[in-house]
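Chemist: Predicted model and sequence follow; I will ask about them next.
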Amino acid sequence: MSRTWIKICGIRDQAALDAAVRAGADAVGFVMAASPRRVSATQAAELIRQLPPGVRSVIVTLSPAPGEFDELFGLAVPTWFQADAQALEGFVLPAGCEPLPVYRNVAPESFPARLVYEGAKSGAGETADWSLANSLSARTQLVLAGGLHPGNVADAIAAVRPFGVDVSSGVESSPGVKDPERIREFVAAVRAAESEME
(Lines give C-alpha, C1' and ligand atoms only; values in the text may rest on other atoms or scores of the structure.)
Protein backbone atom coordinates (compact mmCIF):
# COMPACT_ATOMS: atom_id res chain seq x y z
CA MET A 1 0.00 0.00 0.00
CA SER A 2 1.26 3.48 -0.83
CA ARG A 3 1.97 6.03 1.88
CA THR A 4 -1.18 7.57 3.33
CA TRP A 5 -1.37 11.36 3.27
CA ILE A 6 -2.18 12.75 6.74
CA LYS A 7 -3.84 16.07 7.55
CA ILE A 8 -4.19 17.37 11.11
CA CYS A 9 -7.02 19.89 11.04
CA GLY A 10 -8.10 22.63 13.42
CA ILE A 11 -4.63 23.95 14.25
CA ARG A 12 -4.92 27.14 16.32
CA ASP A 13 -1.49 27.83 17.80
CA GLN A 14 2.22 27.23 17.46
CA ALA A 15 2.26 24.36 19.98
CA ALA A 16 -0.32 22.38 17.99
CA LEU A 17 1.46 23.18 14.74
CA ASP A 18 4.77 21.97 16.14
CA ALA A 19 3.15 18.77 17.44
CA ALA A 20 1.67 18.00 14.02
CA VAL A 21 4.97 18.65 12.25
CA ARG A 22 6.97 16.55 14.73
CA ALA A 23 4.52 13.67 14.38
CA GLY A 24 4.99 13.63 10.62
CA ALA A 25 1.81 15.21 9.26
CA ASP A 26 1.79 15.98 5.54
CA ALA A 27 -0.61 18.91 5.91
CA VAL A 28 -2.29 21.02 8.56
CA GLY A 29 -5.68 22.68 8.40
CA PHE A 30 -6.72 26.10 9.69
CA VAL A 31 -10.46 26.54 10.26
CA MET A 32 -11.97 29.87 9.23
CA ALA A 33 -15.61 28.98 9.85
CA ALA A 34 -17.75 29.07 13.00
CA SER A 35 -16.05 26.51 15.25
CA PRO A 36 -14.17 26.13 18.54
CA ARG A 37 -11.14 25.78 16.24
CA ARG A 38 -11.65 29.03 14.35
CA VAL A 39 -8.66 31.28 13.67
CA SER A 40 -8.52 34.78 12.20
CA ALA A 41 -6.91 35.64 8.87
CA THR A 42 -3.93 37.10 10.73
CA GLN A 43 -3.51 34.00 12.89
CA ALA A 44 -3.81 31.65 9.91
CA ALA A 45 -1.29 33.63 7.87
CA GLU A 46 1.24 33.68 10.70
CA LEU A 47 0.94 29.93 11.24
CA ILE A 48 1.22 29.25 7.50
CA ARG A 49 4.48 31.22 7.48
CA GLN A 50 5.84 28.96 10.25
CA LEU A 51 5.38 25.75 8.27
CA PRO A 52 8.56 23.94 7.27
CA PRO A 53 9.13 22.91 3.64
CA GLY A 54 7.08 19.86 2.67
CA VAL A 55 4.20 20.44 5.09
CA ARG A 56 1.20 21.86 3.24
CA SER A 57 -1.41 24.33 4.46
CA VAL A 58 -5.17 24.01 4.08
CA ILE A 59 -7.71 26.74 4.81
CA VAL A 60 -10.99 25.12 5.89
CA THR A 61 -14.40 26.75 5.60
CA LEU A 62 -17.93 25.78 4.55
CA SER A 63 -19.61 28.19 2.16
CA PRO A 64 -17.22 31.05 1.34
CA ALA A 65 -18.60 34.39 0.21
CA PRO A 66 -16.90 36.50 -2.49
CA GLY A 67 -14.27 38.71 -0.90
CA GLU A 68 -14.48 36.97 2.48
CA PHE A 69 -10.91 35.72 2.32
CA ASP A 70 -9.25 38.67 0.62
CA GLU A 71 -7.53 39.67 3.87
CA LEU A 72 -6.02 36.20 4.25
CA PHE A 73 -4.95 35.95 0.62
CA GLY A 74 -3.24 39.32 0.99
CA LEU A 75 -1.14 37.92 3.83
CA ALA A 76 -0.49 34.30 2.82
CA VAL A 77 -1.55 31.84 0.14
CA PRO A 78 -2.42 28.36 1.41
CA THR A 79 -1.72 25.24 -0.65
CA TRP A 80 -5.39 24.23 -0.63
CA PHE A 81 -8.72 25.89 0.08
CA GLN A 82 -11.23 23.39 1.50
CA ALA A 83 -14.98 24.07 1.34
CA ASP A 84 -18.24 22.37 0.46
CA ALA A 85 -18.06 21.30 -3.19
CA GLN A 86 -21.10 23.31 -4.28
CA ALA A 87 -19.76 26.46 -2.64
CA LEU A 88 -16.48 26.18 -4.55
CA GLU A 89 -18.17 26.32 -7.93
CA GLY A 90 -17.15 29.65 -9.44
CA PHE A 91 -15.13 30.70 -6.39
CA VAL A 92 -11.90 32.39 -7.54
CA LEU A 93 -8.70 31.37 -5.76
CA PRO A 94 -5.31 33.07 -5.96
CA ALA A 95 -2.52 31.57 -8.04
CA GLY A 96 -0.82 28.71 -6.22
CA CYS A 97 -3.90 27.73 -4.21
CA GLU A 98 -5.93 24.69 -5.25
CA PRO A 99 -9.56 23.87 -4.38
CA LEU A 100 -10.25 20.93 -2.07
CA PRO A 101 -13.97 20.15 -2.31
CA VAL A 102 -15.86 18.43 0.52
CA TYR A 103 -18.56 15.80 -0.07
CA ARG A 104 -20.72 14.59 2.80
CA ASN A 105 -21.90 10.99 2.41
CA VAL A 106 -22.77 11.55 -1.27
CA ALA A 107 -20.95 10.66 -4.47
CA PRO A 108 -19.82 13.53 -6.70
CA GLU A 109 -21.38 13.87 -10.13
CA SER A 110 -17.92 14.42 -11.60
CA PHE A 111 -14.68 13.53 -9.90
CA PRO A 112 -12.09 16.19 -9.03
CA ALA A 113 -8.45 15.15 -8.73
CA ARG A 114 -8.73 15.19 -4.92
CA LEU A 115 -11.63 15.53 -2.50
CA VAL A 116 -12.45 15.32 1.20
CA TYR A 117 -15.16 12.82 2.07
CA GLU A 118 -16.75 13.11 5.50
CA GLY A 119 -19.83 12.79 7.69
CA ALA A 120 -22.81 15.08 7.78
CA LYS A 121 -21.26 17.74 10.00
CA SER A 122 -17.65 18.89 10.00
CA GLY A 123 -15.71 18.80 13.26
CA ALA A 124 -18.44 16.93 15.13
CA GLY A 125 -16.77 13.53 15.26
CA GLU A 126 -19.41 11.94 13.01
CA THR A 127 -18.12 8.95 11.06
CA ALA A 128 -18.54 9.03 7.30
CA ASP A 129 -20.07 6.23 5.23
CA TRP A 130 -16.98 4.05 4.79
CA SER A 131 -18.71 1.71 2.34
CA LEU A 132 -19.51 4.49 -0.10
CA ALA A 133 -16.09 6.02 0.47
CA ASN A 134 -14.48 2.73 -0.55
CA SER A 135 -16.41 2.70 -3.81
CA LEU A 136 -15.17 6.21 -4.58
CA SER A 137 -11.55 5.86 -3.50
CA ALA A 138 -10.49 4.05 -6.67
CA ARG A 139 -11.69 6.99 -8.81
CA THR A 140 -10.00 9.94 -7.10
CA GLN A 141 -7.56 10.91 -4.36
CA LEU A 142 -10.09 10.55 -1.54
CA VAL A 143 -9.18 12.05 1.83
CA LEU A 144 -11.32 10.37 4.48
CA ALA A 145 -12.52 12.55 7.37
CA GLY A 146 -15.19 12.39 10.03
CA GLY A 147 -14.96 10.61 13.38
CA LEU A 148 -11.40 9.36 12.96
CA HIS A 149 -9.13 8.89 15.98
CA PRO A 150 -6.09 6.78 16.94
CA GLY A 151 -8.30 3.82 17.85
CA ASN A 152 -10.21 3.48 14.57
CA VAL A 153 -8.03 4.94 11.83
CA ALA A 154 -6.45 1.56 11.02
CA ASP A 155 -9.90 0.06 10.48
CA ALA A 156 -10.84 3.04 8.34
CA ILE A 157 -7.79 2.61 6.14
CA ALA A 158 -8.47 -1.11 5.73
CA ALA A 159 -12.12 -0.49 4.86
CA VAL A 160 -11.72 2.50 2.53
CA ARG A 161 -8.13 2.40 1.24
CA PRO A 162 -8.11 6.19 0.95
CA PHE A 163 -5.42 8.41 -0.50
CA GLY A 164 -5.37 10.26 2.81
CA VAL A 165 -6.94 10.73 6.23
CA ASP A 166 -8.01 13.94 7.98
CA VAL A 167 -8.45 14.28 11.75
CA SER A 168 -9.48 17.12 14.05
CA SER A 169 -11.60 16.36 17.13
CA GLY A 170 -10.11 12.86 17.34
CA VAL A 171 -6.75 14.26 18.47
CA GLU A 172 -8.05 16.78 21.02
CA SER A 173 -8.18 16.85 24.81
CA SER A 174 -11.18 19.24 24.63
CA PRO A 175 -12.90 21.07 21.74
CA GLY A 176 -10.29 23.11 19.92
CA VAL A 177 -7.37 21.98 22.11
CA LYS A 178 -4.97 19.64 20.34
CA ASP A 179 -3.28 16.88 22.35
CA PRO A 180 0.30 16.31 21.12
CA GLU A 181 0.29 12.69 22.33
CA ARG A 182 -2.96 11.88 20.51
CA ILE A 183 -1.55 13.46 17.35
CA ARG A 184 1.53 11.26 17.66
CA GLU A 185 -0.62 8.18 18.30
CA PHE A 186 -2.81 8.95 15.29
CA VAL A 187 0.12 9.26 12.88
CA ALA A 188 1.75 6.14 14.32
CA ALA A 189 -1.50 4.19 13.88
CA VAL A 190 -1.71 5.27 10.24
CA ARG A 191 1.87 4.18 9.54
CA ALA A 192 1.33 0.85 11.31
CA ALA A 193 -1.81 0.23 9.25
CA GLU A 194 0.15 0.81 6.05
CA SER A 195 2.80 -1.72 6.98
CA GLU A 196 0.18 -4.35 7.82
CA MET A 197 -1.45 -3.97 4.41
CA GLU A 198 1.73 -4.29 2.34
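Modeler: Everything's here; your move.

Chemist: how about P64, what does it touch?
Modeler: By CB atoms under 8 Å, 6 or more residues apart in numbering, the contact set of P64 is 81, 83, 87-88, 91. Heads up, the C-betas are built off the backbone N, CA and C, glycines and all.

Chemist: correct me, but T4 touches R161?
Modeler: No - with contacts counted by CB atoms under 8 Å, T4 stays clear of R161, the gap being 9.3 Å.

Chemist: Looking at these two, which one has more neighbours?
Modeler: Counted by other CB atoms under 10 Å, T4 and R161 do not tie: T4 has more neighbours, with 21 against 17.

Chemist: Name the nearest residue to the more buried one, ignoring sequence neighbours.
Modeler: Among residues not flanking T4 along the chain, V190 sits closest, at 5.3 Å (CB to CB, 6 or more residues apart in numbering).

Chemist: hang on, the earlier thing: tell me the buried residues within the contacts of P64.
Modeler: Using 16 or more other CB atoms under 10 Å as the burial test, those include 81, 83, 87-88 as buried.

Chemist: and which of those is nearest R22?
Modeler: F81 (25.7 Å; CB to CB).

Chemist: And that closest one, its phi and psi?
Modeler: phi -120, psi 110 (degrees, to the nearest 10).

Chemist: so who does it touch?
Modeler: With CB under 8 Å, 6+ apart, F81 has these contacts: 58-59, 61, 64, 69, 88, 91, 93, 97-100.

Chemist: let's see it at 10 Å
Modeler: 32, 57-61, 64, 69, 72-73, 88, 91, 93-94, 97-101 (CB atoms under 10 Å, 6 or more residues apart in numbering).

Chemist: Can I get the buried part of those residues as one PyMOL selection?
Modeler: Only the buried entries of the contacts of F81 go into this PyMOL selection, using 16+ other CB under 10 Å:
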select buried, resi 32+57+58+59+60+61+64+69+72+73+88+93+97+99+100+101
